[in-house]
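Q: Provided below are the primary sequence and the corresponding predicted coordinates.
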Amino acid sequence: MTQTNNNMTVNPDLAMERAKCNFNVLEVTHIFDGGERNTLQRKKIEDVALNSGASKDALGEEHMSPKEKYENAVRKSCIYATMMKNELAELSGLESFGVSSPVIRRTADAFFKEVSPFLLHLGMFVPTIMGQCTPEQQSYWLPRALDMQIIGTYAQTELGHGTFIRGLETTATYDPETEEFVLHSPTLSSYKWWAGGLGKTVNYCIVVAQLYTKGECHGTHPFIVQIRDEDTHVPLPGIKVGEIGPKMGFNTADNGFLGFDHYRIPREHMLMKNAQVLKDGTYVKVARHGKLTYGTMVFVRVVLVNEVAFNLAKASTIAVRYSAIRRQSKPKPDEVEPQILDYVTQQHKLFIAIATAHALQLCSTWLWESFSAVLAQMKGGNTDTLPEFHALSSCLKAISTSDSAHLIEQCRHACGGHGYMISSGIPNLYNFVSATRTYEGDYTVLLLQTARFLVKAYEQAEAKKPLTPTVSYLAHAFSGSRATWDNSPDGIIRSFQALAAGKTAVCVTNMRKRMRAGLSQVDAWEMSTIQLVAAAEAHCRAVIADTYRKEIVRLTANSSPNVKVVMDQLTTLYLYYWALERTGDLLMFTSVSQKDLVDLQIAYEELLLKIRPNAVGLVDAFDLRDELLHSTLGSYDGRVYERLMEEALKSPMNKEPVSDAYSKYLRPMMKGKL
Ligand SMILES: CCCCCCCC/C=C\CCCCCCCCCCCCCCCC(=O)SCCNC(=O)CCNC(=O)[C@H](O)C(C)(C)COP(=O)(O)OP(=O)(O)OC[C@H]1O[C@@H](n2cnc3c(N)ncnc32)[C@H](O)[C@@H]1OP(=O)(O)O
Ligand SMILES: Cc1cc2nc3c(=O)[nH]c(=O)nc-3n(C[C@H](O)[C@H](O)[C@H](O)COP(=O)(O)OP(=O)(O)OC[C@H]3O[C@@H](n4cnc5c(N)ncnc54)[C@H](O)[C@@H]3O)c2cc1C
């Protein structure tokens, strides 16, 4: 059944797939990693972090009680944090450990099937200190946080409000007598809720509260607040803190609640980069843009695009490898059962997942570079590019998380019944990624932020004013004719832009009509929000398609011919897939004909067949070690059935030949003695 490859026993179907792959897998790995240097660095980090075996558990997390799971996650977080401070810090070339390294973050996934209770410390607490403190505050807090002498989280959301930050109820009232802020939770709905690590792990947190001074409310501001004793870890007087209970995922992250009873903190604990309260209580606004206190959220939205691309790469690796070893049905009676990867419907489910992982990975790098440019400009006092960036990061966060969650679920469907096993790895990926659609700004809410920007840009285009780069296509929205359909990649991208422009135009027209009919601006906007969300989605798809195409052309300029071909096939597949998903829109806003769409469908199906021989090579190119996949179905060697059985035998239910439930309940019932 199996054959040996590099001292590893490999399933013969997988070995056959690898033999027929016609491109250089390593070259594609370099493209995905952003260059050969990054691949080498990633591999070194993975070797140091994973070869010691410290990431492994004797008993699978899924068989532990919630308390055991949590304690095990803390244990491994401490091991990993220590590695990050020592050997990994040097390897990742960082002066201080971890904060900007997605590789370090991704490697951590080998340690946690769900997430680390330190995720919010590194993902939001530290970034907030870096982004919202004055230099003096930073020099005090940052070294302590980076060295993990203190552990923190980001407590913004309350029981009553998550989306609407301006509606938060926690108050921070300045007392000039003592030069302190008094934090208070006036209602049940004002209790902080959700912050990761808050339940049991952290001793500090960033608290976002309504600032009152001299009797006036100045809106929400961030404060750094100690909630537990630095030595005993006991919650401090005036603090009510706990864990919020079981969730769909994130069950090792001890998400918590927090309430304050007139709890006092020193004045200096307000994070004062963007606004200050002087000793006498005078409020001073420093920032040139009103929303800079939302900066950590923007940072995380950028990071999340990369995060979900990585998780989608994992799910597609699992599902494609499994589909190569799984044989099912007998369409041709004289032949052996085919690999399920040979079914065109299976290819339709899976190849878009591979292409989307590439599209999002490349977009995330581009987004990160744009973010760095915006930050550099803001350092010089210029916030002009922030609105466009907020619109861009909002829609990319919304669409990338939503598409990834959908495609991960599709990967599960592609694995049939076995995909439903926790040991397949896919349920944990789905539970993690489906939360990303909600947190850090819900899908609809963020698309509506992008829509605000689109409508303004449309009005600028109408007035023939200059447009910012990502919406420059709106300048062509007033030609009066429908965009010409052309099925070349550039032609399809132009059509996606025409959809976004057309949908935005419809929204503006409808809102104006509604206002003429007597609705207020707010109500006219509200009545148009279904279409506004659709316009923002179309805009985002145009941005992703354009960026993916441009980046792949750039990155493959010096690639070998077969790599160029397979990367071009994936990009084209992405464009065809989304054109076919949006045929109704194309008929509305472009000159596409019924025949064009029939031809496009045929071209799409032929493309699936062309990609088919390279499918396993493409997921191998993601270069995800088995430790990161945590999957019985997706391991490199394809020993799926052996692993499923090994995992089943580990179930505590199999420890005893007869369950206690037999004598307690089954037997009495069956004997009529219950
Ligand atoms: C050691 C162990 C191992 C551990 C392993 C880790 C290893 C780590 C290694 C390295 C670390 C690297 C980092 C890792 C990172 C990992 C991933 C991170 C995962 C983190 C997990 C996070 C969990 C979730 C956390 C949260 O959810 S926190 C809470 C988030 N909350 C939200 O997002 C709320 C959403 N709501 C809003 O943003 C706003 O309320 C709103 C919807 C935007 C509306 O705001 P508001 O009402 O104030 O404004 P409007 O009136 O609507 O608009 C007024 C104008 O303002 C503009 N605007 C709004 N927002 C912004 C903005 N952010 N920037 C700029 N402009 C903005 C808006 O457009 C309007 O403009 P106008 O011109 O139209 O008027
Ligand atoms: C796993 C997880 C971890 C989290 N970690 C943290 C954390 O560490 N720190 C923290 O502060 N928070 C955290 N959160 C909270 C998270 O940020 C919020 O749940 C999220 O921002 C959504 O807000 P909400 O729950 O208030 O949803 P709501 O705003 O109540 O949304 C409910 C529904 O109403 C819709 N809706 C709301 N407002 C509008 C509108 N204006 N227009 C149209 N539709 C609207 C939404 O689209 C959604 O469908 C976490 C959440 C989860 C799930």
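A: Thanks, I have the structure now. Ligands and ions are numbered 1, 2, ... in the order given.
Q: tell me how far Lys214 lies from ligand 1.
A: Separation of Lys214 from ligand 1 (C-beta to the nearest ligand atom, to the nearest Å): 23 Å. Using the backbone N, CA and C atoms, a C-beta is placed for each residue, glycine as well.
Q: let me redo that: Val320
A: From Val320 over to ligand 1 the distance is 26 Å, taken as C-beta to the nearest ligand atom.
Q: what about His121, neighbour count?
A: 26 (other C-beta atoms under 10 Å).
Q: OK, contacts around it?
A: By C-beta atoms under 8 Å, 6 or more residues apart in numbering, the contact list for His121 reads 145, 148, 151-153, 197, 202.
Q: could you list the residues in contact with stretch 480-499?
A: Contacts for stretch 480-499 (C-beta under 8 Å, 6+ apart): 473, 476, 538, 541-542, 545-546, 549, 571-572, 575-576, 578-579, 582, 585-586, 589-593, 596, 599-600, 603.
Q: thinking again about what came up before, out of the contacts of His121, which is most surrounded?
A: For the contacts of His121, the largest number of neighbours (other C-beta under 10 Å) sits with Thr153, at 34 neighbours.
Q: buried subset of the contacts of stretch 480-499?
A: Listed as buried from the contacts of stretch 480-499 are 473, 538, 541-542, 545-546, 549, 571-572, 575-576, 578-579, 582, 585-586, 589-590, 592, 596, 600; burial here means 16 or more other C-beta atoms under 10 Å.
Q: ok, for Val208, nearest residue in space, not its chain neighbours?
A: Gln156 (4.1 Å; C-beta to C-beta, 6 or more residues apart in numbering).
Q: quick one: the one you found and Thr170 touch, right?
A: No. Applying C-beta atoms under 8 Å, one finds Gln156 not in contact with Thr170, separated by 9.3 Å.
Q: joint contacts of the two?
A: 192, 207-208.
Q: which single one of the residues you listed is nearest to ligand 1?
A: Val208 (8.5 Å; C-beta to the nearest ligand atom).
Q: just checking: what are the partner strands of the helix or strand containing the closest one?
A: Using DSSP states H and E, Val208 sits in strand 204-213. For strand 204-213, sheet partners with direction are given as strand 152-155 (parallel), strand 171-175 (parallel), strand 216-226 (antiparallel), following DSSP bridges.
Q: so that strand, near ligand 2 or not?
A: No. Strand 204-213 lies apart from ligand 2 when judged by C-beta under 6 Å from any ligand atom; the minimum separation is 7.4 Å.
Q: now that strand: buried residues?
A: Those would be 204-213, for strand 204-213 by 16+ other C-beta under 10 Å.
Q: for stretch 59-69, same thing?
A: For stretch 59-69, using 16+ other C-beta under 10 Å, the buried residues are 61-62, 64, 69.
Q: okay if I get those residues as TSV plus secondary structure and distance to Met272?
A: Listed next are the buried residues of stretch 59-69 as TSV, based on DSSP: H, G, I helix; E, B strand; the rest coil; distance: C-beta to C-beta, whole Å:
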residue	secondary structure	distance to Met272
Glu61	helix	41
Glu62	helix	45
Met64	coil	43
Lys69	helix	39
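Q: low-scoring stretches of the stretch 151-300 of the chain, by residue?
A: Nowhere does the stretch 151-300 of the chain drop to pLDDT under 70.
Q: what residues does it put near ligand 1?
A: Neighbours of ligand 1 within the stretch 151-300 of the chain, by C-beta under 6 Å from any ligand atom: 154, 156-157, 162-166, 196, 291, 294, 297-298, 300.
Q: of those, which is the nearest to Glu642?
A: Set against Glu642, the nearest of these by C-beta to C-beta is Gly196 (36.1 Å).
Q: and that closest one, how close does it get to Leu119?
A: Gly196 sits 6 Å away from Leu119, going by C-beta to C-beta, to the nearest Å.
Q: those two: who's more crowded?
A: Gly196 (27 against 21).
Q: quick one: contacts for the nearest residue to the more buried one once chain neighbours are set aside?
A: Excluding its sequence neighbours, the residue lying closest to Gly196 (C-beta to C-beta, 6+ apart) is Leu120, at 3.8 Å. Counting by C-beta under 8 Å, 6+ apart, Leu120 touches 152-154, 195-198, 202, 253.
Q: in what helix or strand does Leu120 lie?
A: With DSSP H and E as the test, Leu120 turns up in helix 119-120.
Q: next secondary structure after that helix?
A: Where DSSP H and E defines the elements, the next helix or strand beyond helix 119-120 is helix 126-132.
Q: as a whole number, average confidence for that next one?
A: Mean pLDDT, computed over helix 126-132, is 96.
Q: which strands and helices lie in contact with that helix?
A: Judged by 3 or more C-beta pairs under 8 Å, 6 or more residues apart in numbering; DSSP states H and E, the packing partners of helix 126-132 are helix 135-146, strand 216-226, helix 295-325.
Q: please identify the deepest-packed of these.
A: When you average the neighbours per residue for each of the helices and strands packed on helix 126-132 (mean count of other C-beta atoms under 10 Å), helix 295-325 leads with a mean of 26.
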